[in-house]
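**Student:** predicted model and sequence follow; I will ask about them next.
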Amino acid sequence: MLKYRRIEPSDDERIAEIIRANLEKAHLDIPGTAYFDPELDHLSAYYNSDPSGRVYFIALGDRDEVIGGVGVAEFDGIDDCAELQKLYLDDSAKGKGLGKALIQLAINWAASSGYKNLYLETHTGLAAALNLYEKTGFRQIEKPCPTTHGTMNRFYLKTLLHE
């Protein structure tokens, strides 16, 4: 079961460490990836600066330690769209369904915030992520517009249901 909360400044160092470790392992610690995002070391400031339009959820382990997270923020390339961002887990937390739970949390938050679509960009080198996105209903699309992460080469969209 997923334990989570919104990001706090005290989480910044650990979540940046998890993100960088994942990208290094996939040989994606290169320009054009989240590895070099200017806000990576201060994600709480970025996501908490507009709490109605963006959020970052921290996944917590058994001892309430930071084991991963997922973000959602506005995306200007598609109308009424948010972007699923920075979904990463510590290696110790992988294979337990937490990635799927974090995606569902992001989907629910985006839909309840009024977004009609959820976009994401990823890389063919992240095979487990590609599989997970497709299993959770994202469909591959053409690159919709120029993006910050120029190294990313797979683009997905999910239409959100509003009840």
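**Tutor:** Good, I have the coordinates. In this text the structure is predicted, and so the values were computed from the model without any measurement.
**Student:** tell me the contacts of E8?
**Tutor:** S44, I58 (C-beta atoms under 8 Å, 6 or more residues apart in numbering). In this view, the C-beta of every residue, glycine as well, is placed from N, C-alpha and C.
**Student:** just how off-centre is stretch 59-78 within its chain?
**Tutor:** 6 Å (C-alpha atoms, centre = their mean, to the nearest Å).
**Student:** in that stretch, what's buried?
**Tutor:** By 16 or more other C-beta atoms under 10 Å, the buried positions in stretch 59-78 come out as A59, L60, V66, I67, G68, G69, V70, G71, V72, A73, F75, I78.
**Student:** state the pair within those that is farthest apart.
**Tutor:** L60 and I78 (31.6 Å; C-beta to C-beta).
**Student:** check which helices and strands the helix or strand bottoming out on mean pLDDT in the chain sits against.
**Tutor:** When the helices and strands of the chain are scored by mean pLDDT, DSSP states H and E, helix 127-135 comes last with a mean of 91. Secondary-structure packing of helix 127-135 (3 or more C-beta pairs under 8 Å, 6 or more residues apart in numbering; DSSP states H and E): helix 98-112, strand 117-122, strand 154-159.
**Student:** one more time with 7 Å
**Tutor:** helix 98-112, strand 117-122 (3 or more C-beta pairs under 7 Å, 6 or more residues apart in numbering; DSSP states H and E).
**Student:** and the contacts of the next helix or strand after that helix?
**Tutor:** Next helix or strand after helix 127-135 toward the C-terminus (DSSP states H and E): strand 139-141. Applying C-beta atoms under 7 Å, 6 or more residues apart in numbering, the contact partners of strand 139-141 are R154, F155, Y156, L157.
**Student:** again, only using 6 Å
**Tutor:** Contacting residues not belonging to strand 139-141 are listed as F155, Y156, L157 [C-beta atoms under 6 Å, 6 or more residues apart in numbering].
**Student:** give me the lowest-pLDDT entry from those residues.
**Tutor:** Lowest in pLDDT among the contacts of strand 139-141 is F155, which has 92.
**Student:** from P9, how far off is that residue?
**Tutor:** 32 Å (C-beta to C-beta, to the nearest Å).
**Student:** same check on R139?
**Tutor:** 36 Å.
**Student:** returning to what we had before: export the least confident helix or strand of the chain to PDB, keeping only CA atoms.
**Tutor:** What follows is helix 127-135, C-alpha atoms only, in PDB (Å, rounded to 0.1, in the frame of the first residue of the first chain):
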ATOM      1  CA  ALA A 127      11.800  -0.100 -20.700                       C
ATOM      2  CA  ALA A 128      10.100  -0.700 -17.300                       C
ATOM      3  CA  ALA A 129       8.600   2.800 -17.400                       C
ATOM      4  CA  LEU A 130       7.300   2.400 -21.000                       C
ATOM      5  CA  ASN A 131       5.600  -0.800 -20.000                       C
ATOM      6  CA  LEU A 132       4.000   0.800 -16.900                       C
ATOM      7  CA  TYR A 133       2.700   3.800 -18.800                       C
ATOM      8  CA  GLU A 134       1.100   1.600 -21.500                       C
ATOM      9  CA  LYS A 135      -0.500  -0.600 -18.800                       C
END
